[in-house]
Structures are given as structure tokens and as C-alpha cells.
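In: Build me a model:
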Amino acid sequence: MEWRKLGDILVSWGKVTEPQLQAGLQQQREQAIGRRIGEILAARGWITEREIALAVSEQIKLPVHDLSQAGSIDAGVLSLVPLEYAQSRLLLPVARHDEVLTVAMADPFDRRAVHDLSSLTGMQIGVVIGLESEIRAVLRARWRALDTDPSAAGAFSPVHREKVSSSASGAISADGHESWSEQNVGPGSAGPVPALARMCVLVVDDSPTILRVLQAVLVAQNCEVITAKDGLDGFETAHQRTPDLIVTDTMMPRMDGFALVRNLKENAGTRGIPVIMLTSSDEAASEERALRLGAEDYIAKTLEPEQLLARVIGAVNRLRRIGERP
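Out: Numbers count the residues shown, from 1 in each chain. Next up, the predicted model:
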């Protein structure tokens, strides 16, 4: 089946004019990293987020899910998807019927997320469209619950941890976060490598689990490890401590990894610090953006800790060969 173009739907509904659509399409063609036409038109103030969602619904024949009553979502349903993965892909599990999990997605075209969720839960995934702002609001509420009462946010802890770890012990699974087991890393995981000895490494991630795991891996290499909980905290810490290397997540509150790299490279005091970015996304555009901003490498969190360590060592050795830090 051939889908109608989103812009044509919006014009036919009278939401935008043909000249506005053409201006948006021209901007889309001029951008190095393509944005969807709906995002461009919304950024110009010509349409609303809900109008985009309704047009996409018309285009691909999927319903728009009302998340204004998200508090009524069953906790058992929420428990099927890790909070951090839901945040990174902007999605929310909303219902379960037998072995079908219905998920509201800000990007219903995200096939990788559908595949990940199916692998993670062992269920079929049904997709509905969710407004990004509503999904973010629900996820923020869950984070606040976690801050005040860790047990209250258990709804977003992966309940299939045993299933994941049995097939890849110690690996970060499709969610990119919580299934990276802390029990499988530590001083005995790998012998110290001279490339990293005595280096000061700043690790920036909003996941306490990831911070602890990376800290254990790097301390085992005789590194001094300092941590930061988000990009803004990382930027301030980099100025205060001037580490030899920064390893940062991409998706974080307050300041994401891309903004962190850009700010570091624009500042004379920090532009010489090499940065390695970690991500749960495999999108080529994101990798291109990271490297263009000045990151030394862009590494998937789907690697096992020791594989990730090998990539970090490789990046450090490349920098030394070309005479740059560290």
C-alpha cells in the first residue's frame, strides 16, 4: 500500500498552505541531517504536535492514543519496558492483551524499537501513536517517583532480566541500559591495560547503573574515574577537573551528549579533551552528528563491557598515534 505524503494530508485539511509546505520542504532539502516535514512545520509554528499526530494517523492508519489518563495504566504493563529505554526511544507501554503489548510511540516508524521490544518482552508489539510531550510528561513523573521512592518506579524495571542475561551474560540488551549486569564486571573482568593506566576519565550518564558499571570497568584498568549525572553536570566537572578522557551518554536530561560535546569543543579550556559517546541508538545520522561535532568515537551500548572497553582503548591508542591527548 502506498502512503499519502504527510504534507499533502496537511494541505488537504487546511492546516498549512501550499506555500508553507513548499517552504518547509525547501528547508528539509537544505539540512545536512534531514528532519521530518512535520517537525519543520511545527517548529515554524504553522501546525501543532497533535495535528502532526493526527496526520500521521491518517497516513499510516494507526490510532492516536490519549495519554492524559496515563495514571490508569496497569503497573504490570509498565514493568515490561525499562524506564531508561522508554525515555531514549520516547515510547510508553499502555496495554497488554494475552501476548500482545500495545506501545504508544512518538515515532511510529521506529522499527528498531519495535524489534527491541519484541526481543525484550517475548511478545508481539502493537503500535499506537503517542504525543511526544505527553510521553515525556509520563516518563518525567516516573523519574520523580524513582527519586522519592525507588520502589515506586519499579514499574519500569525490566522483569525479564533473567531471560536477557541467560543469552548474553553481562551484556547491555536491547534497552541499552539495565540488563548490563554489575555482577559480571569488576577487577577480575580483564587485566589492566597500559593504554589506560593512571588516566583520569570522566563518565557522564544519567543512569546510576551505567555509571557504576563503567566505573568498575575503568577502575580495574587503574584509571581515576569521576562521574557526572547529566550533560550540564559533566560540562561543569570537565572545567573543574580537566580529565584526560570523557565517556558520555547521548540521551540525558538538562543537556544531552551532543550539546555537551558541542559546548566542550567550543570552549578553549576543554576543546582538547577527547570525547567518546555511548548510545543505545544505531542511527547513522546520530553517529554522523557526533563525529562532526568532534567526538572521537560513537559506541553502541549493545556491546558487552569488555568489548566496549576494547573500543575505548582503541580510541585512546589512535589519539596517541596522531599526537593528541590523552
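
In: going forward, measure contacts between C-alpha atoms and count neighbours the same way
Out: OK.

In: Worst mean pLDDT across the helices and strands of this structure, which element?
Out: Counting by mean pLDDT, DSSP states H and E, the weakest-scoring helix or strand in the chain turns out to be helix 161-167, with a mean of 29.

In: any chance you could map the strands in the stretch 151-300 of the chain?
Out: Assigned by DSSP state E, counting those that start in this stretch, the stretch 151-300 of the chain shows strands spanning 200-204, 224-228, 245-249, 275-279, 297-300.

In: Include distance to residue 290, mean pLDDT and mean neighbour count when you put those into TSV, please.
Out: Formatted as TSV, the strands of the stretch 151-300 of the chain follow (distance: least, C-alpha to C-alpha, whole Å; pLDDT from 0 to 100; neighbours: other C-alpha atoms under 10 Å):
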stretch	distance to residue 290	mean pLDDT	mean neighbour count
strand 200-204	15	93	25
strand 224-228	19	93	20
strand 245-249	11	93	26
strand 275-279	8	88	24
strand 297-300	7	82	20
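
In: Can I get those in JSON lines including distance to residue 51?
Out: Output for the strands of the stretch 151-300 of the chain, formatted as JSON lines (distance: least, C-alpha to C-alpha, whole Å):
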{"stretch": "strand 200-204", "distance to residue 51": "36"}
{"stretch": "strand 224-228", "distance to residue 51": "38"}
{"stretch": "strand 245-249", "distance to residue 51": "32"}
{"stretch": "strand 275-279", "distance to residue 51": "31"}
{"stretch": "strand 297-300", "distance to residue 51": "34"}
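
In: Distance of residue 230 relative to residue 45?
Out: 30 Å (C-alpha to C-alpha, to the nearest Å).

In: Now do the SS call for residue 95.
Out: Assigned with DSSP: H, G, I helix; E, B strand; the rest coil, residue 95 falls in the strand class.

In: gap between it and residue 128?
Out: Counting by C-alpha to C-alpha, the gap from residue 95 to residue 128 is 11 Å.

In: what does residue 230 give?
Out: For residue 230, the distance to residue 128 - C-alpha to C-alpha - is 30 Å.

In: contacting residues for the residue nearest to the spatial centre of the chain?
Out: Against the mean C-alpha coordinate of the chain, by C-alpha atoms, centre = their mean, the closest residue is residue 88 at 3.4 Å. Counting by C-alpha atoms under 8 Å, 6 or more residues apart in numbering, residue 88 makes contact with 251, 280.

In: Let's see whichever strand or helix holds it as PDB, backbone CA atoms only.
Out: If you go by DSSP states H and E, residue 88 is part of helix 83-89. Taking C-alpha atoms only, helix 83-89 is exported to PDB below (Å, rounded to 0.1, in the frame of the first residue of the first chain):
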ATOM      1  CA  LEU A  83      12.300   3.300  32.100                       C
ATOM      2  CA  GLU A  84      15.500   4.400  30.500                       C
ATOM      3  CA  TYR A  85      14.800   2.600  27.300                       C
ATOM      4  CA  ALA A  86      11.300   4.100  27.200                       C
ATOM      5  CA  GLN A  87      13.000   7.500  27.600                       C
ATOM      6  CA  SER A  88      15.600   7.000  25.000                       C
ATOM      7  CA  ARG A  89      13.100   5.900  22.300                       C
END
